[in-house]
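> Structure here, sequence nowhere to be found:
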C-alpha cells in the first residue's frame, strides 16, 4: 500500500461499511489493471542488506527517485517512506524490511503494465547503481536472518512488529523477508465481484504453485518451493488465508464487511500520529470502545479504509480485488501475473469456463491444496490430477480470455505472449524454485550467492 488514508468523515451507520466496498463497482469500459511488485535491495559488494539511513541507504535511494521522477514524498514522522505520482497514478513504497515496491498506475492493457515495469526498473537502476545497490527478484529473502534485516521507520510497521508474534509464528518473516507480485482488478457489480472472488480464491493456490520462487532461507534450502506460501499459513489467521464464507452462493459486500468488523485493528491516525488499536476489533471501535483512549474516538471512513488494507486474505476485497498468492520473481513474472488473472477474469467466456472448471471445488479441497502447494509446488495433487495438469487447463482458459480481449501492441501482438513464462513451467514440469535448487546442488556449488547475480534486476 502506498500510503495510509486520512479521510476524517465520521461513519454514521454500519451500512456505510459495505457501501464503501460497493462504491468500487464500475462499468467494463472503466476496468483497469493495477500491478504491484516488490523486490529486495542489496549491496553488490557482499550481497548485504541495505539499511534505511546512511549515504548509500534507502532514504538516499528514495530521494534520488524523487528528484528523477518529480513525484511527491510520503512522509512519516519526518522520514521519507515513499513517493506518489502527483495525480495519484502510481506510487513507490517500502515494505518493513526495505523491500522496494512499485504500486503501478491503473492501466488498460498488459502491454502498458510491462512498459511501466520496465521504465520503473530502468529508473531505479539509474539511481541505485552509483550507490552500489541492485534488487533481487525472489519471493523470500535467501540469505539474511531477521536480526540482519533492516527495519524501515514506518509507524504502522512498529505496531505490527509488536503485534505479530502474539498471533502467529511467521508474522515477522512475512513482514521483513517476503516479496510478492500482485494485481488489482475491478468488478462491475456485487454479482460480478462474487464470481471473480470465488474463482480467484479457488485458483489462488495454483498461482502460488506456478510462481513458487522462494526455496532458500538464511543461506540454504528451506524445504519449500514457496516458503512465502508456507509463511502465510501461520501469520495471523484471524485476518488472512482462505475465507470460507466467500464460497457461499449469496456472498456479498455485507458479508465481507461483517467479517472485517470482527478482525482486530492495527491503528488509527489522529493528527498525523499512529495510535495502536490492536486491542480492539473494528466492531468494538464502532461501539465506542475508544472514546476515552484516543483523540476524536469516533470511527471515520479513513479508519475503515486503513483497516481494510490491514486484512490479508488470499484475495483481498477493497474497492477492487487484489490477487495475493504469488511469490515475487524475475521481471518476466511482473507481466505474467496480471496476464494470468486478466485473462481469467476480464473476459466473459473465460470467466464462465473458469467457473465451470471450479464450480464443485469445496472449501476443504481448496484448503488442502493451499496447504500442499508450499512444499510440493505444481506436483501437489488435487482430486485425480496434479496442479501441472490443472495449470495446463487454466492457462488455456486464460489464453482464451486474452485472445478475446484482442488488445494488441504496435507490432500487432496481443497479450497472450505474456503467459509464455508460465507455459514453460507447465512444459518443464518444474517451478522456478526447483530450477534454483537444481542450480544450487550443481553449478552453484552449494552456495546461494549466485542467485544475487542471476535473479537480480
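That came through fine. As the structure is a prediction and not an experimental result, all values here were calculated from the model.
> in this protein, which strand has the most residues?
In the chain, taking DSSP state E as the definition, the longest strand is strand 33-43.
> tell me the average confidence for it?
In this model, strand 33-43 has an average pLDDT of 98.
> Now do it: which elements does it pack against?
If you count contacts as 3 or more Cβ pairs under 8 Å, 6 or more residues apart in numbering; DSSP states H and E, strand 33-43 packs onto strand 48-49, strand 100-103, helix 110-128, strand 133-136, strand 181-185, helix 331-345. Just so you know, the C-beta spots here come from the backbone N, C-alpha and C atoms, and that holds for glycine as well.
> The helix or strand following the shortest one versus strand 33-43: what angle between them?
Using DSSP states H and E, the helix or strand that follows strand 48-49 towards the C-terminus is helix 58-69. Helix 58-69 runs at 130 degrees relative to strand 33-43, counting by axes from the mean of the first three to the mean of the last three Cα atoms, to 10 degrees.
> in its sheet, what does the next helix or strand after helix 58-69 sit against?
Per DSSP H and E, the first helix or strand lying C-terminal to helix 58-69 is strand 72-76. According to DSSP bridges, strand 72-76 forms sheet pairs with strand 79-84 (antiparallel).
> just checking, next helix/strand downstream of the strand it pairs with?
Note on strand 79-84: by DSSP H and E, the next helix or strand toward the C-terminus is strand 91-94.
> for that next one, packing partners?
Strand 91-94 sits against helix 58-69, strand 79-84, strand 100-103, with contacts defined as 3+ Cβ pairs under 8 Å, 6+ apart.
> Kindly recompute the last result at 6 Å.
strand 79-84, strand 100-103 (3 or more Cβ pairs under 6 Å, 6 or more residues apart in numbering; DSSP states H and E).
> Highest mean neighbour count out of those?
Comparing these by mean neighbour count (mean count of other Cβ atoms under 10 Å), strand 100-103 ranks first with a mean of 23.
> who does that strand pair up with?
Strand 100-103 has its sheet partners listed here by DSSP bridges as strand 33-43 (antiparallel), strand 91-94 (antiparallel).
> Relative to the whole chain's centre, how far out is the first one?
Spelled out, that is strand 33-43. On the basis of Cα atoms, centre = their mean, to the nearest Å, strand 33-43 sits 10 Å off its chain's mean C-alpha point.
> Show me which positions of that strand end up buried.
The neighbour-count check on strand 33-43 (16 or more other Cβ atoms under 10 Å) flags 33, 34, 35, 36, 37, 38, 39, 40, 41, 42, 43 as buried.
> on that earlier part again, now render the helices and strands packed on strand 91-94 as CSV, adding mean pLDDT.
Formatted as CSV, these follow (pLDDT from 0 to 100):
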stretch, mean pLDDT
strand 79-84, 97
strand 100-103, 97
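> Residue 199 is nearest to which of those?
Taking Cβ to Cβ, strand 100-103 is the member of the helices and strands packed on strand 91-94 nearest to residue 199, at 24.0 Å.
> what sits up against the closest one?
Residues from elsewhere that reach strand 100-103 (Cβ atoms under 6 Å, 6 or more residues apart in numbering): 2, 36, 37, 38, 39, 41, 91, 92, 93, 95, 120.
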